[in-house]
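J.: No sequence on hand, only this structure:
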């Protein structure tokens, strides 16, 4: 092993601390053995093991040895550095050392949890410890650089999660940009009539929040807009927002509907997105009466004027405030923010993917979202639940888990379907007095007042059949089945197959990631789980953070959630964002690149490679110069430097080469 | 028979076969068996479940719980017409049809199968005829079947047979391939691999009360 | 390329009309086809309940023979009209590909007889070949006496599309519908296209098996079909041959013609009815009178 | 060194892995949290980005006695640093040809894109690679040839590493 540096602080004195992590490590790794082994390694002066190194007494061991001058650098063999590196660095710093005279050996996630054979595990642990020691002897004291944090917040998505996050941040005095893709905020919640389990009116609790967003001095609301680009890093993001032309001036329009009445299309004839196609709209429309902002929008796909230019456009004349402007162009807004909260939500499963349920084939089979609109007093049927022939259904089947818990579609449980199915069962019974049959696999009602709601429905004489519906068809075996939809399922609690004739079927579709979730995550440089939901930094301890500092998650974009959970998570995400902002500055890992000027040949290979243009060329000295503020520490330039004059703090060639030698031949 | 006999509702652990599930799961792709959530899609899809003493879903539960005797002597596996609708729709990709086959093989190997049930006999005759000639000739197959199970049925079916013959849809000569030895050598080579010992299916099929 | 025809045990006895009409139709469309030399039983359904391993071996021998007959380097497409055989062979094809150990055992056994199976052989159903290889254009052009006004219920049965068929949708198959429409027939929309006909249960446990067939016939009739088109000898047998028995059992006259889809093709092509085995059917099929179709006596 | 390893045991491959901090290293942690068991033969060296991977590292690993090297980075388009993984890929394909000339079997050096959520892929890849290298047996290197390659890769070589050690 090459001679480490003798100048700065004499012969290295390495302290090695092996953690048992209760039995998490100790049950597969022979800790005593690793301690014996570590003691023989060069420059090691102290070796200790302890049940929980991350506990205060554990950290105290390190701090004491440092204060006693027994060690000047530290190796902790425990969990992943992503878990506790920060903890131990802080401990070292508090004891008066330098946080970066430290290296971790990951003998839990990478050893004890993935290896059964004790001998092999202990062997691997030794190798990783040897590598960490070999590396840490070359560590140098480093100072964290810190940069100021821009106090403004960007929130993407104007559903209940985005709305709650926006209001919370704005009330904390932060400037908030709320960007929503649709012409109005409100998201899915705005479509519902009632909310479970309290059955309070969705609009009544949501619309006040929506108008609060509109009127809040600290909130800039951009609807019908999308984030087009994100640059920068935690505390200092540069974001481009594309504002699509709505051909109606938001400042001038007062939402009086005159233009809409005047449209050349006397009869609305285009599927209404807000009513999920159950009703029609005109090319110029306002999604729903409480839309926020209450501003008309013109759909370029269907507007005759925009498509052909040959429309008498009476809408223009009808508007007394001259708000309609066909020359409106897309606008790109550029903003700087310190934190970003993603609240982009979910989409519902397309029921036609399960062909044996006959969605789109037989009449009177609806998705749960369609029924939500039907039961909504402001919906296409004015809250009436009706068959296509206008009659009230006498029997209705509600099919749970459509698209969920199925390896062919979505493996996960969508968490909200059982409860909203109960809600819909109640609402439909209330409106039609029909017999309601719920077909479920397992009834999942964990939540405050949820199980009680289930019991209430049981008492309301709604039928519950434990069995996943096999098929829905229109072939009759008995006279009663003639002209009905026949639901075939096993009543698993009885152990017989039942055929139940109904007039209407509700398919309780599951929740899915947005179709463009993958593009969005790339845009913000975060990860998705296998199912396509945005990936949180830690499932338990960092549920609203992502692997990209400064980007947080709120609501169903991270996984299926009901309204209370979305709101709670939105609050949590905002709190994280505020914590970041109010700290005023972010400390950056000092793993930036630097140039050994005496070795640099001035070939400038590195300059083109840097994705952050952090490297420039000093014409006098004929050497490359790294701007530490811009460098993010990827090390690409270092690997490509032919002369080896570029190095990376915490990842110098020498440190990595030592680590390699350590893992390969450690005995 | 005495109504107190038959399928009693208490099972003692000592009556169960703890390794039954593993035995069944050992068929190709059989381990999906363990992910059953008892949703009943299989029973609901099955066109025959309403004739079965246990629904397919119950059979899976019984296999997992080790109810070997009950499963092997039940009508269910024998009534399976192998239409695969359960297999195709199972949300956990359990190959139920294959599991039914596996249960049938075990039932035959252990000489256990429900009373007055010709299906096992058909299978056995079919098997022998193919081992013998490489092909099965429907006519002889059915004849043997009826002789072994219910000769009167044959008389009942004679009309149909005659009709088929008149329409030239009844091959009376036993079908056979030319290179029988070639086929035999292949099948022989598998004997040792064979899950079922040869004598297993030549031995007369024992009947059990059901 | 010539297709390799695998008849299976049925097509040369109860399924005779299927074989006759298919060969007539293939000839009319100039589709080269040659019977597999010394083919053996596919090892289907009943066999599975005795020995899975041997059943796979039987299929493997057939596929090995097909590969040999096709000659090295050539694609070996087996045309398998019987749904049970189609499934049996296809299943073996899949399982041998997916399970290395099984593959090794079977290969070893074949080796003893000097046979080799590379996995090259492809299992095709006539529907697959006609729709995906030949194409509807060729079929339409060949139609001489369109089946105008004939209401056809296409019955695919279970083992044809489930669980391995990839040439058609497993839930809502359409290939036969497409062909019937090309023949000028009217296709009846019914939900039992792929519901089981009872298979061998019709013979072994008539009360159970024949009930299934009866349900199919009744529903098809209810939807006003003139004829049920089938693509499987057992389906055809079950649906047709027990009708008189059913009439007695369910005290409702059952009288629905059940033909092989290839027979209907032949009729539309104006081929000699003798070649199509129409006389072998119990319930006569009436060619649409509108276009001067002839009556075929049973 | 391998010969120091006493008692003649059956050959156990030693594989050095270079995992990027953001995707593959995280995935390996996930594999751990999910208790996915896999071969103990791989030892991971963490780098911030696969773009940091200097061919020198691979050579050193092989010379020091590793029988294989596994490199893990984010999927194309997912790089935390925009395109470090593309640069890694470009460098890798070039480097791979050189290894070929050295008679080092391709299976010994492998590059894989593994996302933060793909713990199961870490398990699969490590098991596959361990078996592949086990099948190849211990790596026998022509020392001179290796030096040749080092030279051809860059002027810096072993002695530079030493100077680094002293001055840094």
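T.: Thanks, I have the structure now. Quick caveat, the model's predicted, so the values are computed rather than measured.
J.: so what pLDDT did residue B:210 get?
T.: Predicted confidence (pLDDT) at residue B:210: the value is 31.
J.: Next: residue A:125.
T.: So residue A:125 comes in at 97 (pLDDT).
J.: What residues does it make contact with?
T.: If a contact means Cβ atoms under 8 Å, 6 or more residues apart in numbering or on different chains, then residue A:125 has A:25, A:29, A:34, A:77, A:105, A:107, A:111, A:112 as its contacts. Just so you know, the C-beta spots here come from the backbone N, C-alpha and C atoms, and that holds for glycine as well.
J.: Check residue B:54 too.
T.: The contact partners of residue B:54, taken as Cβ under 8 Å, 6+ apart, are A:495, B:62, B:70, B:71, B:74, B:76.
J.: same thing with residue A:511?
T.: Contacts of residue A:511 (Cβ under 8 Å, 6+ apart): A:346, A:347, A:348, A:349, A:414, A:415, A:416, A:556, A:560.
J.: now for the host helix or strand of residue A:228, which elements pack on it?
T.: According to DSSP states H and E, residue A:228 maps onto strand A:225-233. Counting contacts by 3 or more Cβ pairs under 8 Å, 6 or more residues apart in numbering or on different chains; DSSP states H and E, strand A:225-233 packs against strand A:176-179, strand A:236-243, strand A:331-337, helix A:517-524.
J.: ok so, going back, show me the contacts of residue A:125 that map onto strands.
T.: A:77, A:105 (DSSP state E).
J.: Chain B: which of the contacts of residue A:125 is nearest?
T.: Proximity of the contacts of residue A:125 to chain B (Cβ to the nearest Cβ) peaks at residue A:112, which lies at 26.8 Å.
J.: Pretty sure residue A:23 is one of the things that closest one touches, is it not?
T.: No: if you go by Cβ atoms under 8 Å, residue A:112 and residue A:23 don't touch, sitting 9.1 Å apart.
J.: Skipping its backbone neighbours, what lies nearest residue A:57 in space?
T.: With sequence-adjacent residues excluded and distances taken as Cβ to Cβ, 6 or more residues apart in numbering or on different chains, residue A:57 is closest to residue A:50, at 7.3 Å.
J.: returning to that earlier point: output the contacts of residue A:511 as a markdown table; include the columns secondary structure.
T.: What follows is those, written out as a markdown table (DSSP: H, G, I helix; E, B strand; the rest coil):
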| residue | secondary structure |
| --- | --- |
| A:346 | strand |
| A:347 | strand |
| A:348 | strand |
| A:349 | coil |
| A:414 | coil |
| A:415 | coil |
| A:416 | coil |
| A:556 | helix |
| A:560 | coil |
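J.: Pick out the residue of chain D closest to chain B.
T.: Distances between chain D and chain B by Cβ to the nearest Cβ are smallest at residue D:120, namely 16.3 Å.
J.: Could you count how many residues lie near that residue?
T.: 16 (other Cβ atoms under 10 Å in any protein chain shown).
J.: Show residues contacting the strand holding residue A:228.
T.: A:154, A:156, A:179-181, A:237-244, A:332-333, A:336, A:340, A:520, A:523-525, A:549-550, A:632.
J.: That strand pairs with which strands?
T.: strand A:236-243 (antiparallel) (DSSP bridges).
J.: buried set for the partner strand?
T.: Counting neighbours by 16 or more other Cβ atoms under 10 Å in any protein chain shown, one finds that the buried residues in strand A:236-243 are A:236, A:237, A:239, A:241, A:242, A:243.
J.: what about the fourth one, distance to chain B?
T.: Taking Cβ to the nearest Cβ, to the nearest Å as the measure, residue A:241 falls 42 Å from chain B.
J.: now the nearest residue to that residue once chain neighbours are set aside: how far from residue A:240?
T.: Of all residues beyond its chain neighbours, the one nearest residue A:241 is residue A:333 (4.5 Å), with distances taken as Cβ to Cβ, 6+ apart. As for residue A:333, its distance to residue A:240 is 7 Å (criterion: Cβ to Cβ, to the nearest Å).
J.: State the next helix or strand along the chain beyond the helix or strand residue D:71 falls within.
T.: Per DSSP H and E, residue D:71 falls inside strand D:68-73. Sequence order places helix D:84-101 as the next helix or strand after strand D:68-73, per DSSP H and E.
J.: angle of that next one against strand D:68-73?
T.: 160 degrees (axes from the mean of the first three to the mean of the last three Cα atoms, to 10 degrees).
J.: The residue nearest to residue B:136 when sequence neighbours are not counted and residue A:209: what is the separation?
T.: Of all residues beyond its chain neighbours, the one nearest residue B:136 is residue B:129 (4.5 Å), with distances taken as Cβ to Cβ, 6+ apart. The gap separating residue B:129 from residue A:209 is 77 Å, by Cβ to Cβ.
J.: Counting neighbours, go ahead and name the busier of these two.
T.: Between residue B:129 and residue A:209, counting by other Cβ under 10 Å, residue B:129 is the more crowded of the two (23 against 19).
J.: just for chain D, where's the confidence low?
T.: Applying pLDDT under 70 to chain D flags residues D:1-8, D:143-168.
J.: the helices in it, which residues?
T.: Assigned helices in chain D, in chain order: D:24-33, D:55-63, D:84-101, D:119-136, D:143-153, D:158-167 (criterion: DSSP state H).
J.: quick one, which of the ones you listed is nearest to residue B:187?
T.: Ranking the helices of chain D by their distance to residue B:187 (criterion: Cβ to Cβ) puts helix D:119-136 first, at 34.4 Å.
J.: got the angle for the closest one vs strand D:68-73?
T.: Using the same axes, to 10 degrees: helix D:119-136 against strand D:68-73 is 160 degrees.
J.: care to break chain B down by domain?
T.: B:12-109, B:118-189 (automatic domain parsing).
J.: before we move on, back to that, looking at residue A:112 and residue A:23 now, which is surrounded by more residues?
T.: Between residue A:112 and residue A:23, counted using other Cβ under 10 Å, the more crowded position is residue A:112 (26 against 10).
J.: list the contacts for that one?
T.: Residue A:112 touches A:21, A:24, A:25, A:26, A:27, A:28, A:29, A:121, A:125, counting by Cβ under 8 Å, 6+ apart.
J.: Neighbour-wise, which one of those leads?
T.: When the contacts of residue A:112 are compared by neighbour count (other Cβ under 10 Å), residue A:125 ends up highest, at 30 neighbours.
J.: quick revisit: the residue of chain D closest to chain B touches residue D:31, doesn't it?
T.: Yes: judged on Cβ under 8 Å, residue D:120 makes contact with residue D:31 at a distance of 7.3 Å.
J.: coming back round to it: which one of the contacts of residue A:511 sits in the busiest neighbourhood?
T.: residue A:556 (33 neighbours).
J.: what residues are up against it?
T.: Residue A:556 is in contact with A:159, A:161, A:345, A:346, A:511, A:566, counting by Cβ under 8 Å, 6+ apart.
J.: just residue D:11 next, same as before
T.: Residue D:11 makes contact with D:134, D:137, D:138 under the criterion Cβ under 8 Å, 6+ apart.
J.: again, only this time at 6 Å
T.: Residues counted as contacts of residue D:11 (Cβ atoms under 6 Å, 6 or more residues apart in numbering or on different chains) are residue D:138.
J.: Which residues of the stretch 101-250 of chain C lie near chain A?
T.: Within the stretch 101-250 of chain C, the positions near chain A by Cβ under 6 Å from any Cβ of the partner chain are C:171, C:172, C:191, C:219.
J.: Give me the buried positions along the helix or strand where the last one lies.
T.: Per DSSP H and E, residue C:219 falls inside helix C:206-222. Across helix C:206-222, burial judged by 16+ other Cβ under 10 Å covers C:206, C:208-221.
J.: other SSEs contacting it?
T.: If contacts are counted by 3 or more Cβ pairs under 6 Å, 6 or more residues apart in numbering or on different chains; DSSP states H and E, helix C:206-222 sits against helix C:201-204, helix C:243-250.
J.: Tell me how far the first one lies from the chain's centre.
T.: In this case it means helix C:201-204. Using Cα atoms, centre = their mean, to the nearest Å, the distance from the centre of helix C:201-204 to the centre of the chain it belongs to is 19 Å.
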